[in-house]
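J.: no FASTA, just this:
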């Protein structure tokens, strides 16, 4: 019996170990499958939340612009902003998203990337309900909200004198064409500006703000100032906001939405093996848009410190002007955004503060010298801040890797300066100026003088205004009839 037992045990051991290994392998496969599923669902939810937060940016823009405009232009200001949403959304779906994936090397260093571009065409299986791809929709939406932001920046600078139809053309061009080209070149892990210039712009100082500010400058240079903005001797007049409280709430909603903006510039969770660059190790990490490791803690430190530096500097340089103090916080964040994945928090604060001082001085010099009417300071707060931020990052981050991939140029002052010129002037100012000139020549850019004096709300929404007058008159007639003594 003992011999039989021993033989049986001996024969059973290989079976036991084989079975145990198979079970362990199955458990590891299941665990890896569950980890992948959790990562996918987390990433999907992460980007979805950033989209919700970024929607507040556009609520803030609406409130800010309505608060800054005069009463006779409220409805027009609101309507032109609201209609940016569907126009940019539809065009971004049909061709804007394709541009991002197809243009990283086009046209200077290669052809169109048909493989990635075709995968993101509107009829691609990933561009709709697809349980096999949970990420494309929310990632597309995050970029779409960046597009809305670019268009809304332009919208604020031209209030109270541009035709709605003219603005909507510019909104589609900046939101679904020009900014997404610059994103493909300088905000893509395979973009030629990143590879060959060492361009680094982690949180979009250039790819959103500089290009939108440059575009706004091109439009207002052709559009001209509001009636009464400049005195006969050329001295600029201040046209104060009609509702400072609405303006204040609007800017704080933009601050709040910027948390989502910053988070959406990151990839929330990725393994080094997936990146395939120079990163080594096994720890999963968040990365910036270039797939270089970063963390939410890093951007939390630097967002708050650059915001604080901007607010304090704006308060001092503007001598306590409320409009510039609030806007200065945003300008501080934008100036530091190019390098806020790598800056120390004290650096971020100082960069934000220095940027605001430069931007404030430059805004008033340009206004006086060229008689330009930037109604909400969008060119300065976004455009100049973005340019200054890119240039500063070139010096402070000089020699830092622009990418985790081998063979890419490192961050350097020349690459950042060239990037600023491409963003602000080549892709921003120049196309805006040309299109605005064409619109002006066709007589479809600016509203007539009499409409501007009367107010856009009556001119474009007179039925609403007439209805209010009729109701008031009816109420007066009713009250008069009730108080007339009986004969």
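T.: Yep, it's here. Just so it is clear, the structure is predicted and the values come from calculations on it, not from any experiment.
J.: tally of neighbours for residue 125?
T.: 11 (other C-beta atoms under 10 Å). Heads up, the C-betas are built off the backbone N, CA and C, glycines and all.
J.: apologies, that question was intended for residue 302.
T.: Counted with other C-beta under 10 Å, residue 302 comes out at 29.
J.: ditto for residue 115
T.: 9.
J.: same question for residue 37.
T.: Count around residue 37 with other C-beta under 10 Å applied: 11.
J.: contacting residues for it?
T.: Going by C-beta atoms under 8 Å, 6 or more residues apart in numbering, residue 37 touches no other residue.
J.: same question, residue 292
T.: Contacts of residue 292 by C-beta under 8 Å, 6+ apart are 279, 341, 401, 403, 404.
J.: closest one of those residues to residue 105?
T.: residue 403 (14.4 Å; C-beta to C-beta).
J.: skipping adjacent residues, who's closest to the closest one in space?
T.: residue 290 (5.0 Å; C-beta to C-beta, 6 or more residues apart in numbering).
J.: pretty sure that neighbour is in a strand, no?
T.: No: counting by DSSP: H, G, I helix; E, B strand; the rest coil, residue 290 is located in no strand; its state is coil.
J.: after the worst-scoring helix or strand of the chain on mean pLDDT, which helix or strand is next?
T.: Of all helical and strand segments in the chain, the minimum by mean pLDDT, DSSP states H and E falls on helix 272-275, at a mean of 64. Sequence order places strand 285-287 as the next helix or strand after helix 272-275, per DSSP states H and E.
J.: please compute how far that following strand lies from its chain's middle.
T.: 21 Å (C-alpha atoms, centre = their mean, to the nearest Å).
J.: with stretch 313-325 instead?
T.: 24 Å.
J.: end-to-end on it?
T.: 8 Å (C-alpha to C-alpha, to the nearest Å).
J.: and what of stretch 286-296?
T.: First-to-last residue span, stretch 286-296, C-alpha to C-alpha: 8 Å.
J.: residues of that stretch that come out buried?
T.: Buried residues in stretch 286-296, counting neighbours by 16 or more other C-beta atoms under 10 Å, are found at 286, 287, 288, 289, 290, 291, 292, 293, 294.
J.: look up phi and psi at the third one.
T.: It refers to residue 288. phi -80, psi -170 (degrees, to the nearest 10).
J.: thought it was touching residue 202?
T.: Yes: counting by C-beta atoms under 8 Å, residue 288 does reach residue 202; the two are 4.6 Å apart.
J.: let me know the average pLDDT across stretch 305-323.
T.: Averaged over stretch 305-323, pLDDT sits at 97.
J.: what's the offset of it from the middle of its chain?
T.: 22 Å.
J.: residues of that stretch that come out buried?
T.: 305-315, 317-318, 323.
J.: and which of the residues you listed is nearest residue 231?
T.: When the buried residues of stretch 305-323 are compared for distance to residue 231 (C-beta to C-beta), residue 323 wins out at 20.2 Å.
J.: in which helix or strand would I find the closest one?
T.: Using DSSP H and E, the element containing residue 323 is helix 322-337.
J.: do the same with residue 121
T.: Residue 121 belongs to no helix or strand, assigned by DSSP H and E.
J.: list the contacts for it?
T.: So residue 121 contacts 98, 127 (C-beta under 8 Å, 6+ apart).
J.: coming back round to it: from the contacts of residue 292, which one has the minimum pLDDT?
T.: Lowest confidence among the contacts of residue 292: residue 279, with 56.
J.: roughly how far does the closest residue to residue 211 other than its chain neighbours sit from residue 182?
T.: Excluding its sequence neighbours, the residue lying closest to residue 211 (C-beta to C-beta, 6+ apart) is residue 428, at 4.2 Å. Using C-beta to C-beta, to the nearest Å, residue 428 is found at 8 Å from residue 182.
J.: picking up where we left off before, neighbour-wise, which of the contacts of residue 292 leads?
T.: residue 341 (26 neighbours).
J.: excluding chain neighbours, what is closest to that residue?
T.: The nearest residue in space to residue 341 (C-beta to C-beta, 6+ apart) is residue 202, at 4.0 Å.
J.: what's near enough to touch that neighbour?
T.: Counting by C-beta under 8 Å, 6+ apart, residue 202 has contacts 265, 288, 289, 290, 294, 337, 338, 339, 340, 341, 342.
J.: in a strand, that's where it is, yeah?
T.: No: with three-state DSSP as the criterion, residue 202 is coil rather than part of a strand.
J.: how close does it sit to residue 449?
T.: 46 Å.
J.: and for residue 330?
T.: Relative to residue 449, and taking C-beta to C-beta, residue 330 is found at 33 Å.
J.: those two: which is more packed in?
T.: Applying other C-beta under 10 Å to residue 330 and residue 449 shows that residue 330 carries more neighbours, namely 25 against 10.
J.: what residues are up against the residue nearest to that one when sequence neighbours are not counted?
T.: In space, and not counting its chain neighbours, residue 330 is closest to residue 381: 5.7 Å by C-beta to C-beta, 6+ apart. Contact analysis of residue 381 by C-beta under 8 Å, 6+ apart lists 213, 327, 330, 331, 334, 359.
J.: how much space separates residue 381 from residue 374?
T.: 9 Å.
J.: against residue 401, how distant is the residue nearest the centre of the chain?
T.: Note on the chain: the residue nearest the mean C-alpha position is residue 146, at 3.5 Å, using C-alpha atoms, centre = their mean. In this view, residue 146 and residue 401 are 24 Å apart by C-beta to C-beta.
J.: one more: residue 362?
T.: 31 Å.
J.: again, but for residue 360
T.: 33 Å.
J.: and if you look at residue 390?
T.: Taking C-beta to C-beta, one finds residue 390 at 17 Å from residue 401.
J.: list the contacts of residue 97.
T.: Per C-beta under 8 Å, 6+ apart, neighbours of residue 97: 120, 127, 140, 143, 180.
J.: now the residues you listed in TSV, with pLDDT and secondary structure?
T.: Formatted as TSV, the contacts of residue 97 follow (pLDDT from 0 to 100; DSSP: H, G, I helix; E, B strand; the rest coil):
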residue	pLDDT	secondary structure
120	95	coil
127	95	coil
140	97	helix
143	97	helix
180	98	helix
